[in-house]
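Peer 1: Generate coordinates for the sequence data below:
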Amino acid sequence: MTNITIDAVITTPKRKKESVNVEGIKKQVSYITTPADKEEIKLYSKIYSVHKYWSRKPWYPISECIKKYSTDKDTVVDMFMGSGVTGLESILQKRKFIGYDLNPISVFIAENTFDSNFNFNEFCREIALLKKIMDPLAMEYYAVEDTCDVCKSKLVIKYMNIGPKHKGKETVALFCYTCGLKSKGLRKLKKGELEKSRVDRKLKIKIPDAKFPKRFYKDRFSYKGISTVSDMYTKRNYSFLGILQDTINRGNFKYKNLLLTAFSNTVLHASKLKSENVRPLNVNNYWMPDDYFEENPWFRFLERIDLILEAKEILLERIKDKSMGEYQLFNKSCFQTGLDKASVDYILTDPPYGDAIQYSELSLIWNTWMGFHFDNKNEVVINPAQDKKVGEFLFLLEESVKEASRILKHGKFYTLCFHNKEFHIWKGVLDIFKRNGFILEKIDIVDTKGNPYNSNWATFSPKADLYLTFRKDKFKSKFFVEHNIVKFIEDISQEITTDDPSKLYDSVAVSLIYDLYFNEYQIDVNGLNLKTIFGIYREVKSGN
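Peer 2: The predicted structure follows:
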């Protein structure tokens, strides 16, 4: 038997013991699965491709929740808006949406994702004007002596493998701006091409830069000599990006914000955070691989422009002949929304999951380039560098739930998207909702294995999002059971038919959440996570 022993903590007077109603729990749980029309799901997902963002949720479970828990013209609020999926899905369903986020790049992305005042031909004309200005500079910075086999134009660098692992054997991939053909494979870097990347052009513009904080929780770069944002770039790319941004800002472009959206969506890919096998958003920190490459930022920018064109075309088609709801977006804390008491019909939000994603840290490069300031004093996160431990995280989260309880109408619903492999954090979150006038109504499970971020997680990390829906009402216990975690798993193990840790998490987590919420004789979950649960489960199944 595993050496972990977790006993029931009983702090209330003895009452008549009742058994856990497994069938009752099952009725409280359902799976939100991908709809049958997967092509529509894939197509509409492209609407959210205007800009990358950390841990973005798929749109269809959000859409289903909005349909289920609100009606036309209802006011929907997202306390932690992120890139705005809840907001857009709300206004597409004729709800009034109000969103809050401390991260300024979040609000910027959401605004430009929502914007449907778009004319395809006008935008293309502005792109043509920008290309007329920037194409000659791109040729100056990235052209090589090789010529295209088809059109005989000079080829340009697509990317160069120049990290320390490539020292002495640097290679380059080429392509043709004129006809769009890519070279076959890589060739060795020729004399002068590598040196060219280290020569800085004398500029008359000031390029955005900032120092990384000395205390950076997810620091995987300072030991490599990185102390400023500019250190994340080769001199050539840093210079070119600066000129491109200045050109957009100085130009009289109607769609300046969309151009800057494409620019912001370029800056991580044009940095040293990328290699042939590593993408900047595939890990939840700024990690510079030793085999990094220098990517042509103009090539990447134009690709991002194509993504915006496609996203807007699909958005306009989706809203064709339909009216949309109004929206307001606020770059501020949700602790004091400024909304009237009991004025909101539905809240759907996706707060940080403890220390999993450090939004202020991981948005620093984006915000630096855009000239935005992220005041993270009230950021709801576990981050020792900010002196925020579990207690501080739960305290700040409760501040948001208190405000939610104040603004939400009685009997209306609050859906919380959350997961965490540490069950003591789950208990803390559930206790917050019990203290602030919410009843756990429903748990929906959304499989996120297809998410590229989740595919990189360790074996014993959750692979599903749990959508917990609460109703604003007075809390009452449902049953009183004395047991420890081993007995708990023994009781529900007959309902489990999988040895997949992630599926085990789905089964155990929802039952344990329900038990922690409604059982007055609660289990002590300190030290309990998916890995320890898996060990106990294997031993229970083997009969040890």
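
Peer 1: any chance you could read off phi and psi for residue 293?
Peer 2: Dihedral pair for residue 293: phi -120, psi 170, per degrees, to the nearest 10.

Peer 1: who touches stretch 153-166?
Peer 2: With contact meaning Cβ atoms under 8 Å, 6 or more residues apart in numbering, stretch 153-166 is reached by 138-139, 142-148, 170-179, 182-183, 186, 189, 193-194, 197, 234, 272, 275-276, 289-296, 299. C-beta here means a position set from N, CA and C on the backbone, and glycine is covered the same way.

Peer 1: Could you write me a ChimeraX select line covering just the buried ones among the residues you listed?
Peer 2: In ChimeraX, a selection of the buried entries from those looks like this (16 or more other Cβ atoms under 10 Å):
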select :138,142,143,144,146,148,170,171,172,173,174,175,176,177,183,186,189,193,194,197,234,272,275,289,292,293,294,295,296,299
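
Peer 1: what's the closest non-adjacent residue to residue 237?
Peer 2: Counting by Cβ to Cβ, 6 or more residues apart in numbering, residue 237 lies nearest to residue 270, which is 5.0 Å off, once chain neighbours are set aside.

Peer 1: hang on, the earlier thing: so of the contacts of stretch 153-166, which ones are in strands?
Peer 2: 143-147, 171-175, 293-295 (DSSP state E).

Peer 1: Identify the farthest-apart pair in these.
Peer 2: Pairwise distances across the ones in strands among the contacts of stretch 153-166 peak at 22.9 Å for 147 and 293 (criterion: Cβ to Cβ).

Peer 1: Let's see stretch 475-487 as PDB, backbone CA atoms only.
Peer 2: What follows is stretch 475-487, C-alpha atoms only, in PDB (Å, rounded to 0.1, in the frame of the first residue of the first chain):
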ATOM      1  CA  PHE A 475     -25.400  26.800   0.500                       C
ATOM      2  CA  LYS A 476     -26.600  23.600   2.200                       C
ATOM      3  CA  SER A 477     -24.800  20.400   2.800                       C
ATOM      4  CA  LYS A 478     -26.200  17.400   1.000                       C
ATOM      5  CA  PHE A 479     -24.700  14.500   2.900                       C
ATOM      6  CA  PHE A 480     -22.300  13.500   5.700                       C
ATOM      7  CA  VAL A 481     -19.800  10.800   5.100                       C
ATOM      8  CA  GLU A 482     -16.700   9.800   7.100                       C
ATOM      9  CA  HIS A 483     -13.900   8.400   5.000                       C
ATOM     10  CA  ASN A 484     -10.300   8.800   4.000                       C
ATOM     11  CA  ILE A 485      -8.900   9.100   0.400                       C
ATOM     12  CA  VAL A 486      -8.200   5.400   0.100                       C
ATOM     13  CA  LYS A 487     -11.800   4.500   1.200                       C
END
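
Peer 1: Look at stretch 47-55 and report the distance between its end residues.
Peer 2: End-to-end distance for stretch 47-55, by Cα to Cα, to the nearest Å: 16 Å.

Peer 1: how far is that stretch from where the chain is centred?
Peer 2: Taking the mean of its C-alpha atoms, stretch 47-55 sits 8 Å from the chain's own mean (Cα atoms, centre = their mean, to the nearest Å).

Peer 1: now the helices: where do they sit in the stretch 201-350 of the chain?
Peer 2: Secondary structure of the stretch 201-350 of the chain by DSSP state H, counting those that start in this stretch: the helices cover 235-250, 256-267, 297-318.

Peer 1: just so I know, which of those helices lies nearest residue 69?
Peer 2: The closest of these to residue 69 is helix 297-318. By Cβ to Cβ, the value is 21.5 Å.

Peer 1: so what does the closest one touch, helix or strand wise?
Peer 2: Helix 297-318 sits against helix 38-45, helix 120-142, helix 235-250, helix 256-267, with contacts defined as 3 or more Cβ pairs under 8 Å, 6 or more residues apart in numbering; DSSP states H and E.

Peer 1: can you do 6 Å?
Peer 2: When contacts are defined as 3 or more Cβ pairs under 6 Å, 6 or more residues apart in numbering; DSSP states H and E, helix 297-318 packs onto helix 235-250, helix 256-267.

Peer 1: Could the C-alpha coordinates of the shortest one be exported in PDB?
Peer 2: Read it as helix 256-267. Only the C-alpha atoms of helix 256-267 are listed here, as PDB (Å, rounded to 0.1, in the frame of the first residue of the first chain):
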ATOM      1  CA  LYS A 256      -3.600  50.500 -37.900                       C
ATOM      2  CA  ASN A 257      -4.700  48.400 -34.900                       C
ATOM      3  CA  LEU A 258      -5.100  45.300 -37.100                       C
ATOM      4  CA  LEU A 259      -1.700  45.900 -38.600                       C
ATOM      5  CA  LEU A 260      -0.300  46.200 -35.000                       C
ATOM      6  CA  THR A 261      -2.100  43.000 -34.100                       C
ATOM      7  CA  ALA A 262      -0.300  41.200 -36.800                       C
ATOM      8  CA  PHE A 263       2.900  42.800 -35.700                       C
ATOM      9  CA  SER A 264       2.500  41.800 -32.100                       C
ATOM     10  CA  ASN A 265       1.600  38.300 -33.200                       C
ATOM     11  CA  THR A 266       5.000  38.300 -35.000                       C
ATOM     12  CA  VAL A 267       7.400  39.400 -32.300                       C
END
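
Peer 1: packing partners for it?
Peer 2: Using 3+ Cβ pairs under 6 Å, 6+ apart, helix 256-267 sits against helix 104-114, helix 235-250, helix 297-318, helix 364-370.

Peer 1: following the last one, which helix or strand shows up next?
Peer 2: This means helix 364-370. As assigned by DSSP states H and E, the chain's next helix or strand after helix 364-370 is helix 390-407.

Peer 1: average pLDDT for that next one?
Peer 2: Here helix 390-407 scores 97 as its mean pLDDT.

Peer 1: List the buried residues in it.
Peer 2: Buried-residue list, helix 390-407, by 16+ other Cβ under 10 Å: 392-394, 396-401, 403-407.

Peer 1: Extract the C-alpha trace of that helix and format it as CSV.
Peer 2: As requested, C-alpha coordinates have been extracted for helix 390-407 and formatted as CSV (Å, rounded to 0.1, in the frame of the first residue of the first chain):
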residue,chain,number,x,y,z
VAL,A,390,-1.4,29.6,-2.3
GLY,A,391,-3.0,31.7,0.5
GLU,A,392,-2.5,35.0,-1.5
PHE,A,393,-3.9,33.3,-4.6
LEU,A,394,-7.0,32.1,-2.9
PHE,A,395,-7.4,35.5,-1.1
LEU,A,396,-7.3,37.4,-4.4
LEU,A,397,-9.6,34.8,-6.2
GLU,A,398,-12.1,35.3,-3.4
GLU,A,399,-12.0,39.1,-3.9
SER,A,400,-13.3,38.4,-7.5
VAL,A,401,-15.9,35.9,-6.3
LYS,A,402,-17.2,38.4,-3.7
GLU,A,403,-17.7,41.0,-6.4
ALA,A,404,-19.3,38.3,-8.6
SER,A,405,-21.8,37.5,-5.9
ARG,A,406,-22.6,41.2,-5.5
ILE,A,407,-23.3,41.9,-9.2
